[in-house]
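# generate a structure from the sequence data that follows.
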Amino acid sequence: MTDIRAKGMATSGGSSMQSAAELRVQGGHARLFGAEGGLMAENALSDVTIEPRLGALPRKLRFQNGAEFESEDFDAIATLDPPGFWSHLHGLERFHPRLILFVIGGLLGGWLVYTVALAVLVNVAVALTPAPLIHAMDRSTLAAMDATIGRPTQLSAGQQAGAREIFEDLRAVVPDRAIAEELTLEFRALPGLGPNALALPGGTVVLTDALTNQFDDDVIAAVLGHEMAHVMEKHALKRLYRSLGIYVMVALIAGETGPLLEDVLLEGNVLLSLSFSREQETEADQVGLRLADAAGYDPAGLKEFFEALAAEVGDGGGWLSTHPGNRDRIDDIDAYLDAR
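This next block holds a predicted model:
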């Protein structure tokens, strides 16, 4: 072996104070000398621990008496360290055109996880979620709603009874009887939401006073059918777990960002902030139309609702929107009505 000399910093056994030092290796024997030339450590090279290289950090050698030597003379230390897994790994970390392939491969892998694996995991998570947890989500979301944007209903007893009759007619034609039994109706005055309704994952459907006051039974039935469809297709849970999955992916890359399961699953504000995707909204429209139709109401009521919404707020679509445009939804409803 060629004689090696490398300068660096060293600590003696039992002390953390560093001082200038020189490593000398000759004939398979390693000696560590201090700045004044004093011998700090001596071992056969085979008994000296040479730690793997880590990025641009100095290489570290450890002698049996506890003395440690650090040096940025990477070439010199590399001659003492036979090629192995860690040296090959460090070589892969250096810039090379092949890194572009690694980046592309990483992006492709992330895309596959996002588009394929995440969907599978979401469906598994939905299937394994216990009913008590889902019902707890509904309760916490209603509590969050009442503490923020919700107000007690101002509907008369007669109005509530009429809306409940429509709800029960729809519930009677829900194909899955187990889901039908879970469906319940709540009334709230939600000034910020306007004439609308919303569905929670456990089967709670919230009907606003504004919708009941402004529209007839056919419109109410169509909108309630749309919200029941969200429950039937488990859209809220799927959206929640998809958001949770993306959160976990980001946390794995960037590090833990705070309490997770409790905040996401049992914090009602999280569910209130989630929007259904375009595909989920379109599916809910189609299922809701069929429910209203089967229950004896005019499914054109949903068209009337979106026409009123379009007149008030415009189309509402666009490629950044989570909802289909109101005009597109009206066209889809017309296609359903024409095909009846």
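# quick one: contacts of whichever strand or helix holds residue 290?
Element membership for residue 290 (DSSP states H and E) is helix 278-294. Residues from elsewhere that reach helix 278-294, judged by Cβ atoms under 8 Å, 6 or more residues apart in numbering: 170, 173-174, 218, 221-230, 232-233, 235, 238-239, 276, 298-299, 301-302, 321-324, 329, 332-333, 336, 340. (Glycine included, C-beta is placed from N, CA and C.)
# and the helices in the stretch 51-200 of the chain?
Assigned by DSSP state H, counting those that start in this stretch, the helices in the stretch 51-200 of the chain fall at 74-80, 85-93, 98-112, 118-128, 131-148, 157-172, 177-182.
# mean pLDDT for those helices: which is lowest?
Confidence, taken as mean pLDDT, is least for helix 85-93 of the helices of the stretch 51-200 of the chain (a mean of 50).
# re the thing from before, export the helices of the stretch 51-200 of the chain to a markdown table and tack on mean neighbour count and distance to residue 59?
Shown next, in a markdown table, are those (neighbours: other Cβ atoms under 10 Å; distance: least, Cβ to Cβ, whole Å):
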| stretch | mean neighbour count | distance to residue 59 |
| --- | --- | --- |
| helix 74-80 | 15 | 4 |
| helix 85-93 | 11 | 11 |
| helix 98-112 | 10 | 23 |
| helix 118-128 | 14 | 41 |
| helix 131-148 | 16 | 52 |
| helix 157-172 | 16 | 72 |
| helix 177-182 | 14 | 64 |
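# of those helices, which is nearest residue 38?
Distance to residue 38, taken as Cβ to Cβ, is lowest for helix 74-80 among the helices of the stretch 51-200 of the chain, at 21.3 Å.
# packing partners for the closest one?
Judged by 3 or more Cβ pairs under 8 Å, 6 or more residues apart in numbering; DSSP states H and E, the packing partners of helix 74-80 are strand 4-11, strand 59-62.
# give me the buried positions along the first one.
Meaning strand 4-11. By 16 or more other Cβ atoms under 10 Å, the buried positions in strand 4-11 come out as 4, 6, 8, 9, 10, 11.
# now stretch 50-63
Applying 16+ other Cβ under 10 Å to stretch 50-63 flags 50, 51, 53, 58, 59, 60, 61, 62, 63 as buried.
# quick one: mean pLDDT over it.
Throughout stretch 50-63, pLDDT has a mean value of 86.
# and the contacts of that stretch?
8-9, 13, 23, 30, 32, 40-43, 47-49, 68-74, 77-78, 80-81, 86-87, 90, 93.
# got the end-to-end distance for it?
For stretch 50-63, the first-to-last residue distance is 9 Å (Cα to Cα, to the nearest Å).
# picking up where we left off before, including distance to residue 205, could the helices of the stretch 51-200 of the chain go into TSV?
Formatted as TSV, these follow (distance: least, Cβ to Cβ, whole Å):
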stretch	distance to residue 205
helix 74-80	67
helix 85-93	55
helix 98-112	36
helix 118-128	19
helix 131-148	10
helix 157-172	7
helix 177-182	10
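# the contacts of helix 278-294 in helices, which ones?
Of these, the ones assigned to helices by DSSP state H are 170, 218, 221-230, 232, 235, 238-239, 301-302, 329, 332-333, 336.
# which of those are buried? Put it as a PyMOL command.
Filtering those down to the buried ones (16+ other Cβ under 10 Å) takes a single PyMOL command:
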select buried, resi 170+218+221+222+223+224+225+226+227+228+229+230+232+235+238+239+301+302+329+332+333+336
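# which one of the helices of the stretch 51-200 of the chain lies closest to residue 200?
When the helices of the stretch 51-200 of the chain are compared by Cβ to Cβ, helix 131-148 sits nearest residue 200, at 4.4 Å.
# what packs against that closest one?
strand 184-189, strand 204-208, helix 261-266, helix 268-273.
# comparing the ones you listed, which yields the minimum mean pLDDT?
For those, mean pLDDT drops lowest on helix 261-266, to a mean of 51.
# what kind of secondary structure is the closest residue to residue 4 other than its chain neighbours in?
The spatially closest residue to residue 4, leaving aside those adjacent along the chain, is residue 25, at 4.2 Å (Cβ to Cβ, 6 or more residues apart in numbering). With DSSP: H, G, I helix; E, B strand; the rest coil as the basis, residue 25 sits in strand.
# contacting residues for residue 25?
Contacts for residue 25 (Cβ under 8 Å, 6+ apart) come out as 1, 3, 4, 5, 31, 45, 80.
# which of the residues you listed scores worst on pLDDT?
Checking pLDDT across the contacts of residue 25, the minimum falls on residue 1 at 52.
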